[in-house]
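> Pasting the sequence and the predicted model now:
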Amino acid sequence: MTRSPAVLFVCMGNICRSPLAEAAFRDAARRAGMDVVVDSAGTGNWHAGSAPDRRACAVALRHGMDISRYRARVVRPADFERFTHIVALDHANLAHLRAMRPAGSHARLSLLLDHVPGRQGHAVADPYYGDASGFDTTWRDVTAGAEALVAMLKGGT
């Protein structure tokens, strides 16, 4: 029996990049007619239970997606069983995921931009300490990554 894709996006605090990636992926998967499970989490617990950054909410809303009800949470070992793909937004978070990955987990780990031709190995920049324009750049990156990831999953890999 083939399992439907389940994708977890992971950044540091789960209030900027990963909730935007979750929203972009939900939208891309919906438009592609894919049945997927999607969520996001952070490797740190500083913002657990908090709504996304207001600037992240604003950029998502400008693109027709309301993420204001999302709540930050921390990635946990059970996520490596629940999700088929765990997608980090940068190298530090990918290293953290590799270190905490339980033995025997079959979840595929990757960077989001590894799925975008020509951007393999690149991180999605963290806009948290910058101004609102950084969130527009992040939105473009997570949208490109989400579209490419949906195309890859539709291809069955």
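Great, that's in hand. Numbering: from 1, shown residues only.
> what's the helix ranked longest in the chain packed up against?
Taking DSSP state H as the criterion, the chain has its longest helix at helix 133-154. Helix 133-154 sits against helix 17-31, helix 54-62, strand 85-88, with contacts defined as 3 or more Cβ pairs under 8 Å, 6 or more residues apart in numbering; DSSP states H and E. The way it works is simple: take the backbone N, C-alpha and C, and place the C-beta from them, glycine included.
> now these in TSV, with mean pLDDT?
Below are these laid out as TSV (pLDDT from 0 to 100):
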stretch	mean pLDDT
helix 17-31	98
helix 54-62	97
strand 85-88	98
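> closest to residue 46 out of these?
helix 17-31 (13.4 Å; Cβ to Cβ).
> Mind exporting the C-alpha coordinates of the next helix or strand after that closest one to CSV?
As assigned by DSSP states H and E, the chain's next helix or strand after helix 17-31 is strand 37-42. Presented in CSV, the C-alpha positions along strand 37-42 are these (Å, rounded to 0.1, in the frame of the first residue of the first chain):
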residue,chain,number,x,y,z
VAL,A,37,-0.6,16.0,5.1
VAL,A,38,1.3,19.1,5.8
ASP,A,39,2.5,20.9,8.9
SER,A,40,5.4,23.0,10.2
ALA,A,41,7.6,23.0,13.3
GLY,A,42,10.7,24.6,14.7
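> Determine the angle, from 0 to 180 degrees, between strand 37-42 and helix 133-154.
Using axes from the mean of the first three to the mean of the last three Cα atoms, to 10 degrees, the inter-axis angle of strand 37-42 relative to helix 133-154 is 140 degrees.
> which helices and strands sit right next to strand 37-42?
Counting by 3+ Cβ pairs under 8 Å, 6+ apart, the elements that strand 37-42 packs against turn out to be strand 6-11, helix 17-31.
> what's the most buried one of those?
strand 6-11 (a mean of 26; mean count of other Cβ atoms under 10 Å).
> which neighbours does that strand have in its sheet, and in what orientation?
As defined by DSSP bridges, the strand partners of strand 6-11 come to strand 37-42 (parallel), strand 85-88 (parallel).
> All good on my end, thank you.
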